[in-house]
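Colleague: Need coordinates for the below:
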Amino acid sequence: MQYIDSLNDKQKEAVLYTDGPLLIVAGAGAGRTKTITHRIIHVIHEGVNPSSILAVTFTNKAAKEMRDRVMTLLEDKVHGVSQPFNHAGVPFVSTFHSLGVHIIKENAHLIGLTKHFAIIDESDAVSIIKDVMKEHDIDPKQHEPRKIKSIISKAKGDFVTLESYRANVKSSIQSIVALIWGGYEARLKKEKGLDFDDLLLESVLILRKFPEVKNKYQERWQYVHIDEYQDTNEVQYEMTKLLVGKEENICVVGDTDQNIYSWRGANIKNMLHFEKDYPNAKIVMLEQNYRSTGKIIEAANNVIEKNQYRVPKTLFTKNVDGEQIVVCEAYDEVSEADFVAREIDELLKKNKPEDIAILYRANFQSRVLEEALLSRQIPYQVLGVKFFERKEIKDILSYVKASLNKESLSDIKRIINTPARGIGKVTLTKIFAGLSAELPAGMQIKINKFYALLEDIHEYIDTHKPSEIVKYIIEKSGLEEELSHGTNEEMERLENMKELVTLAIKYDAQDDGIEKLLEDASLSSDQDSLIPSEKNKKNGVRLMTVHASKGLEFKYVFVTGLEQDLFPHARTGTGTKEDKEEERRLFYVALTRAEKKLYLTYASLRTIFGMKQVNTPSEFIYDIPAHLTDFTQSYSRGGEKIVYL
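Modeller: Below you'll find the model as predicted:
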């Protein structure tokens, strides 16, 4: 069994245990995917037909990687030959959503669908919700359609059906959601379609309602593997339980210390309660980290051991102890970004840009970091959307441009219904055709209010600084009111808008500062030569949120903005103990992305919404033993960069 030789003792223990429930607690960098793929190979080697094996993960990328690894091992390692593997059937490796599609297609007739049912994507779903709201005369300005869709989606992920939601309505907003949800479901049924959440919910309902179908899949897939089990929500958890047969041949792999998606519905209790669900479960701990240096691992262990909602484990590594962790106190966010850019400049003398990542808690932080990299002509790639390309930033700038030029139809089109004012495409067409007089009186009032707002902004521009103008637009447009009490995503959009206020301060002392801001924003795409093209995607330092970094690894990692109320985020300050522990898990994920060297930075002053705020260093920094760190400072005075070591 040569495929076993490359495994450590604990990995072998997990791979060789093939019958009965198995929980593999796999720490960061401990070879999770390697272990699960080798276990699948071993089950086949023991005589199980490959088509009797099911493996489920979360993303198409992860599923493809697992499928490719399994097929490579089957072809080359098991038989010691390079010809294609010929065994009847192959393991079924997919995402949860793909598995849901498979189950529904095979049993579509049971729920009144054909196997050619439509899958409704997010934008179409929101469009349907808008139509339903219009039918019920519900103001989309008061109840934002995307927010309604988000509430419905969260409910479905928590395994709440429309009927059970209706039965438990306790507030006016829940009554409105129930009404819209009813119309939304009726429309989906009419179109013979399912949204992404239905792909999971409906497949589980099929398995629940039709025992013969459930038994068929339990007989077909006698060995079930679930990757990233800590990230399963209620409906995914239920699907998993229903697919496991009486032999309970289920293997789940995960790490409670990397559960960072509770806001998407991921429930850490699914993993914590595995032994309760399967009393005969065997537990194998994968604690040997192959990725990071000894000092990084020691720091990560010290940080995460303060959490209580976890399966206890302690990572270790046989790698070198490595370099000290650099902790940098910067005067402000500009000094912080300058320190990061200078350090990267040095690293690039011996390393490739793609070996380096800059992580941050909130998207708005990328703006000043991008500027610092551009000033040194360091190629970079933002995972997500670059600052000036973000929708909310374009919206604010369009308000400025439309107020200065009411003939700018593209800007008018962009913002006339942002936030929602009930002005649709047909109305817009008539406005642009000069036929506003033909519109109903009520609609003319809405349009007149919008143009009066543009006039107010124009007058304000004449007598105020750019930063004050941006702040005025955020407030007067209604965008602040709309986003400030919304979802995490909406709050993040508002943070990005506030960062535009901070950026605009740079233009406050200039003549025609607002024009210069618009010009620089428009020309920002000219800097694309410093940003890798599609053909050369790998060439660039990576910038991303910590959430986006999960599953990735880099030789050098900068974790920035380590200040109280930023990381850990202020939103968790009034949250539950579980919320606070999730922020600590997020920091743990950030630390364990680094292979060779780790930099932790914070700013004593940070400009938020145009106001300088004095910050306290993040509590997480103090969880790292002092003997693992080197402390430095980065200050800017009168344009001269001074670094104190």
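Colleague: Could you use CA atoms for every contact and neighbour count after this?
Modeller: Will do.
Colleague: Not counting sequence-adjacent ones, nearest residue to residue 336?
Modeller: In space, and not counting its chain neighbours, residue 336 is closest to residue 330: 5.0 Å by Cα to Cα, 6 or more residues apart in numbering.
Colleague: I'd like to know how many residues surround residue 273.
Modeller: By other Cα atoms under 10 Å, 11 other residues sit near residue 273.
Colleague: which residues in the stretch 251-400 of the chain form helices?
Modeller: 269-272, 274-277, 294-304, 333-347, 366-375, 391-404 (DSSP state H, counting those that start in this stretch).
Colleague: any idea which helix or strand carries residue 521?
Modeller: Under the criterion of DSSP states H and E, residue 521 resides in helix 513-523.
Colleague: which secondary structure elements does that helix contact?
Modeller: Contact here means 3 or more Cα pairs under 8 Å, 6 or more residues apart in numbering; DSSP states H and E; on that basis helix 513-523 packs against helix 466-476.
Colleague: Now do the same for the next helix-or-strand element following the helix it packs on: mean pLDDT, whole number.
Modeller: Sequence order places helix 479-483 as the next helix or strand after helix 466-476, per DSSP H and E. Averaging pLDDT along helix 479-483 gives 89.
Colleague: Report whether the expected contact of residue 345 with residue 378 is present.
Modeller: Yes. Using Cα atoms under 8 Å, residue 345 is in contact with residue 378, at 7.4 Å.
Colleague: So residue 570 sits against residue 580, correct?
Modeller: No. Contact between residue 570 and residue 580 fails when scored by Cα under 8 Å: they sit 10.1 Å apart.
Colleague: With neighbour numbers in mind, choose between those two.
Modeller: Each of residue 570 and residue 580 has its neighbours counted (other Cα under 10 Å); residue 580 has more, 17 against 12.
Colleague: State whether that one is indeed within a helix.
Modeller: Yes. Assessed by DSSP: H, G, I helix; E, B strand; the rest coil, residue 580 belongs to a helix.
Colleague: Now do the helix ranked longest in the chain and helix 466-476, the angle between them.
Modeller: When the chain is parsed with DSSP state H, its longest helix is helix 441-463. Between helix 441-463 and helix 466-476, the angle comes out at 160 degrees (axes from the mean of the first three to the mean of the last three Cα atoms, to 10 degrees).
Colleague: got the buried residues for helix 441-463?
Modeller: For helix 441-463, burial by neighbour count (16 or more other Cα atoms under 10 Å) applies to 444, 447, 450, 451, 453, 454, 455, 457, 458, 461.
Colleague: contacting residues around residue 384?
Modeller: For residue 384, the contact set (Cα atoms under 8 Å, 6 or more residues apart in numbering) comprises residue 544.
Colleague: what's it sitting at in phi/psi?
Modeller: phi 120, psi -140 (degrees, to the nearest 10).
Colleague: pLDDT score for it?
Modeller: On pLDDT, residue 384 comes in at 75.
Colleague: wait, which of the helices of the stretch 251-400 of the chain is closest to residue 415?
Modeller: helix 391-404 (6.3 Å; Cα to Cα).
Colleague: Give me the contact list for the closest one.
Modeller: 387-388, 408, 411-412, 414-415, 418, 454-455, 457-458, 470, 473-474, 493-494, 496-497, 500, 518.
Colleague: again, only using 6 Å
Modeller: Contact partners of helix 391-404, identified using Cα atoms under 6 Å, 6 or more residues apart in numbering, comprise 408, 411, 454, 458.
Colleague: buried ones in stretch 253-267?
Modeller: 253-262, 265-267.
Colleague: ugh, wrong one, stretch 141-150
Modeller: By 16+ other Cα under 10 Å, the buried positions in stretch 141-150 come out as 143, 144, 145, 146, 147, 148, 149.
Colleague: Take these and lay them out in CSV including distance to residue 609, pLDDT and secondary structure.
Modeller: Converted to CSV, the buried residues of stretch 141-150 look like this (distance: Cα to Cα, whole Å; pLDDT from 0 to 100; DSSP: H, G, I helix; E, B strand; the rest coil):
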residue, distance to residue 609, pLDDT, secondary structure
143, 26, 84, coil
144, 24, 84, coil
145, 27, 90, helix
146, 25, 86, helix
147, 24, 86, helix
148, 28, 92, helix
149, 29, 93, helix
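Colleague: Specify which member of those residues is nearest to residue 32.
Modeller: Of all the buried residues of stretch 141-150, residue 32 sits closest to residue 149, with 34.4 Å by Cα to Cα.
Colleague: which residue sits closest to the closest one, ignoring its sequence neighbours?
Modeller: residue 126 is the one closest to residue 149 (Cα to Cα, 6+ apart), at 6.5 Å.
Colleague: Give me the neighbour count for the one you found.
Modeller: 20.
Colleague: try residue 271
Modeller: Neighbourhood size, residue 271 [other Cα under 10 Å]: 26.
Colleague: Return the residues in contact with it.
Modeller: If you count contacts by Cα under 6 Å, 6+ apart, residue 271 has them with residue 230.
Colleague: nearest to residue 162, of the helices of the stretch 251-400 of the chain?
Modeller: By Cα to Cα (comparing all of these), the closest turns out to be helix 269-272, at 23.7 Å.
Colleague: Identify each buried residue in the closest one, please.
Modeller: Quick answer for helix 269-272 (16+ other Cα under 10 Å): 269, 270, 271, 272.
Colleague: any low-confidence regions in the stretch 51-200 of the chain?
Modeller: Within the stretch 51-200 of the chain, the stretches with pLDDT under 70 are 76-88.
Colleague: Would you map the helices across it?
Modeller: With DSSP H, counting those that start in this stretch as the criterion, the stretch 51-200 of the chain has helices spanning 60-72, 96-106, 122-135, 145-157, 162-167, 172-190, 196-209.
Colleague: would a markdown table of the ones you listed with distance to residue 607 be doable?
Modeller: Below are the helices of the stretch 51-200 of the chain laid out as a markdown table (distance: least, Cα to Cα, whole Å):
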| stretch | distance to residue 607 |
| --- | --- |
| helix 60-72 | 38 |
| helix 96-106 | 42 |
| helix 122-135 | 35 |
| helix 145-157 | 29 |
| helix 162-167 | 43 |
| helix 172-190 | 35 |
| helix 196-209 | 39 |
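Colleague: Residue 367: which of these is closest?
Modeller: helix 145-157 (26.0 Å).
Colleague: That closest one versus helix 172-190: what angle between them?
Modeller: Counting by the same axes, to 10 degrees, helix 145-157 points 80 degrees away from the direction of helix 172-190.
Colleague: Please work out which residues outside helix 145-157 touch it.
Modeller: Helix 145-157 has contacts (Cα under 6 Å, 6+ apart) with residue 235.
Colleague: Send over that helix as CSV, restricted to the C-alpha atoms.
Modeller: Extracted in CSV, the C-alpha atoms of helix 145-157 (Å, rounded to 0.1, in the frame of the first residue of the first chain):
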residue,chain,number,x,y,z
PRO,A,145,-35.5,43.8,-1.9
ARG,A,146,-32.0,42.4,-1.4
LYS,A,147,-32.5,42.5,2.3
ILE,A,148,-35.8,40.7,2.0
LYS,A,149,-34.0,38.0,-0.2
SER,A,150,-31.3,37.7,2.4
ILE,A,151,-33.8,37.1,5.2
ILE,A,152,-35.5,34.4,3.1
SER,A,153,-32.2,32.8,2.2
LYS,A,154,-31.0,32.7,5.9
ALA,A,155,-34.4,31.1,6.9
LYS,A,156,-34.1,28.4,4.2
GLY,A,157,-30.5,27.7,5.3
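Colleague: Right, I'll call it a day here.
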